[in-house]
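*Asks:* Give the three-dimensional model of this entry:
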Amino acid sequence: MSQMSDAGFHCFAPDWLGFGFSDKPEKGYDDFDFTENEFHEELDKLLDVLEIKSPFFLVVQGFLVGSYGLTWALKNPSRISKLAILNSPLTASSPLPGLFQQLRIPLLGEFTAQNAIMAERFIEAGSPYVLKLDKADVYRLPYLASSGPGFALLEAARKVNFKDISSRIGAGFSSGSWDKPVLVAWGISDKYLPQSVAEEFQKGNPNVVKLQMIEGAGHMPQEDWPEKVVDGLRYFFLNYT
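*Replies:* Numbering: from 1, shown residues only. Predicted coordinates for the structure are as follows:
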């Protein structure tokens, strides 16, 4: 993000409500229940507060955040100028990591969600690399500071229907349904989502979707090889039509 800023882009990277160090609604209170529509509504409110009126570049990545970002885009195509997708479930064939299956199991899910090293282990398991200690600390710290992020993850994971969402994403961005430029920048060493997911998605709308494979990067290419991601984003946002 700092490299994109240095290149002249005005960047925002908000946490979803309940995650990181953002506010932690309590289940059954605060009029928030960690559903897809509620996350969409909170993003709408954030954009209003930031007074973002013109169509903008949206970058998404990941299973929960990436999926909800993409379904928000499908609801709001007029607000998107260009869309960049880093490794996210994009088709009905996208597999689901074991973590999300564990979170759905009573008691095991509660225990898993409060494991402070869960986030860094999830990232490392999808990557060809081990996180450096300073980066691992960034992901671990919110879970050490509060039980809120684990609770938010647990509730969100139990509400989400990945198969339904991935099917909607695959259909919603297909030819005849979506015409805004899309970049899929894909870490080909992703141990959660195979390269075939990105290729299947691109074939669904080949005139709109540009596919860029990033060698040496895994599930989170922005962590594994940020320079390559930035180069791809800069060229796409400034030149691709």
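
*Asks:* quick one: low-confidence ranges for this protein?
*Replies:* 27-29, 241 (pLDDT under 70).

*Asks:* So which residues of it form helices?
*Replies:* 2-6, 36-49, 64-75, 98-103, 108-113, 118-125, 133-145, 148-159, 162-172, 195-203, 221-224, 226-239 (DSSP state H).

*Asks:* these two touch, right, E38 and P25?
*Replies:* No. When contacts are counted by C-beta atoms under 8 Å, E38 is not listed as touching P25 (9.0 Å). For glycine as for every other residue, the C-beta is placed from the backbone atoms N, C-alpha and C.

*Asks:* any residues in contact with both of the two?
*Replies:* L17, F32 (C-beta atoms under 8 Å, 6 or more residues apart in numbering).

*Asks:* Just say which of the helices of the chain is most tucked in.
*Replies:* helix 221-224 (a mean of 23; mean count of other C-beta atoms under 10 Å).

*Asks:* for that one, the distance to its chain's centre please.
*Replies:* 13 Å (C-alpha atoms, centre = their mean, to the nearest Å).

*Asks:* Can we start the residue count at 260 from this point?
*Replies:* New numbering, starting at 260: the last item is helix 480-483.

*Asks:* Quick one: list the elements packing against it.
*Replies:* Contact partners of helix 480-483 among helices and strands, from 3 or more C-beta pairs under 8 Å, 6 or more residues apart in numbering; DSSP states H and E: strand 441-446, helix 485-498.

*Asks:* Give me the residues contacting that helix.
*Replies:* Residues contacting helix 480-483 (C-beta under 8 Å, 6+ apart): 320, 345-346, 382, 386-388, 390, 394, 444-446, 448, 473, 475-477, 487-488.

*Asks:* Then stretch 367-380?
*Replies:* 358, 361-362, 390, 394-395, 398-399, 402-403, 406, 409-410, 412-413, 416-417.

*Asks:* Now do it: distance from first to last residue.
*Replies:* 17 Å (C-alpha to C-alpha, to the nearest Å).

*Asks:* go on, stretch 439-458?
*Replies:* Counting by C-alpha to C-alpha, you get 18 Å between the two ends of stretch 439-458.
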